[in-house]
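S.K.: Sequence and predicted structure below; questions after.
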Amino acid sequence: MLVYPQLATGALSQFPVRKQSTFRTVVNTAADGRQTKYADPAGEITEWQLAYAGLSDDEIGALEQFFTAAEGTLNGFTFLDPTANLLAWSEHLDEAVWQTGPLIALASGVADPVGGTNAWHISNSGGGPQSITQTLSAPGGYVYCFSAYVRSAQAVTATMLLASQRADRAATAGWTRIVVAGSGAATDESITFGLEIPAGAAVDVYGMQVEPQASASVYKTGTTGGVYEGARLGDDAFTDTTTDVNRHSCTVKITHANHL
């Protein structure tokens with residue numbers, strides 16, 4: 001799996017990041033002049049422009065090696081959107097992308113911490129722990145941050161799952177954002193995130209989010225997810241500027257087209 005590299009800090013990009021999406025509408029014009037229009041998801045194109053400054057020799061070297069491996073615009077690679085929630089359907093826990101334990105019950109329409117009703121009530125009627133998880137086709141060796149808002153009428157310890165890591169976090173009567181950061185196995189080409197609920201317990205959950213960085217940012221709704229397979233570089237040449245000893249700057253353009 002060819003994957004766009006993270007920086008030494010665990011971040012994938014620096015500010016500013018420019019992201020632009022272009023959509024296509026198909027129009028069918030009948031003989032009498034009437035038109036039928038419909039969206040064409042296959043025509044969507046997403047572009048990013050990542051500006052870097054103050055990169056170390058090792059970091060600029062990693063980008064140069066990546067450009068060589070991708071052979072400029074020739075080869076596709078996996079790109080994790082630094083502006084997005086990598087999880088798909090983060091506010092629809094009943095979608096097929098989520099794997100739930102057999103004794104997990106889900107109820108939607110719960111009041112959330114931002115004034116809406118997009119939280120979920122998750123209850124475990126079993127005699128042992130049960131989980132709700134989502135697996136991403138993303139590199140295990142990346143640094144990730146997994147976060148969620150939780151609360152419970154009775155004090156409960158929920159376990160956050162990040163690959164093989166387990167992190168116990170308290171859920172109390174008020175909304176609390178719980179966070180865990182880490183990596184999976186470097187050789188893995190997928191990684192799983194989720195919450196484990198103790199036997200007989202119930203929690204309200206909102207805003208589960210995964211980001212390709214070491215700490216959590218503001219919550220963003222995830223629908224299609226932020227993992228882009230088959231992305232390509234926007235240039236065939238890599239140009240960088242050395243600004244000081246062990247300090248470099250460059251700009252990288254990345255494109256993802258659904259139809260390629």
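M.R.: Received the coordinates, thanks. Fair warning: this is a prediction, and the values are worked out from it, not measured in the lab. Residues are numbered from 1 along each chain as shown.

S.K.: The residue nearest the centre of the chain and residue 187, how far apart?
M.R.: Central residue of the chain (CA atoms, centre = their mean): residue 86, 1.3 Å from the mean position. Noted for residue 86: a distance of 20 Å to residue 187, by CB to CB, to the nearest Å. (Each C-beta comes from the backbone N, C-alpha and C, glycine too.)

S.K.: residue boundaries of the helices in the chain?
M.R.: Remark: helices assigned in the chain by DSSP state H are 57-70.

S.K.: pLDDT below threshold where in it?
M.R.: Counting by pLDDT under 70, the ranges of the chain that qualify are 259-260.

S.K.: Surely the residue nearest to the centre of the chain touches residue 228?
M.R.: No. Taking contacts as CB atoms under 8 Å, residue 86 lies outside contact range of residue 228: 10.1 Å.

S.K.: Are there residues contacting both of the two? Which ones?
M.R.: Common contacts of residue 86 and residue 228 (CB atoms under 8 Å, 6 or more residues apart in numbering): residue 80.

S.K.: Got the domain ranges for this protein?
M.R.: 17-83+227-257, 99-211 (automatic domain parsing).

S.K.: Need the ones you listed in CSV (columns: distance to residue 4).
M.R.: Shown next, in CSV, are the domains of the chain (distance: least, CB to CB, whole Å):
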stretch, distance to residue 4
domain 17-83+227-257, 5
domain 99-211, 10
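
S.K.: Comparing those domains, which comes out most buried?
M.R.: For the domains of the chain, the largest average neighbour count (mean count of other CB atoms under 10 Å) is found in domain 99-211, namely a mean of 18.

S.K.: can you pull out the strands in the stretch 1-150 of the chain?
M.R.: 17-29, 35-55, 77-80, 99-100, 104-110, 119-124, 130-136, 144-151 (DSSP state E, counting those that start in this stretch).

S.K.: Remind me what the first one packs against, helices and strands.
M.R.: Read it as strand 17-29. For strand 17-29, the elements it packs on are strand 35-55, judged by 3 or more CB pairs under 8 Å, 6 or more residues apart in numbering; DSSP states H and E.

S.K.: Sheet partners, orientation included, of the strand it packs on?
M.R.: According to DSSP bridges, strand 35-55 forms sheet pairs with strand 17-29 (antiparallel), strand 247-257 (antiparallel).

S.K.: The closest residue to residue 201 other than its chain neighbours and residue 106: what is the separation?
M.R.: Residue nearest to residue 201 in three dimensions, not counting chain neighbours: residue 156, with 4.7 Å by CB to CB, 6 or more residues apart in numbering. For residue 156, the distance to residue 106 equals 16 Å [CB to CB].
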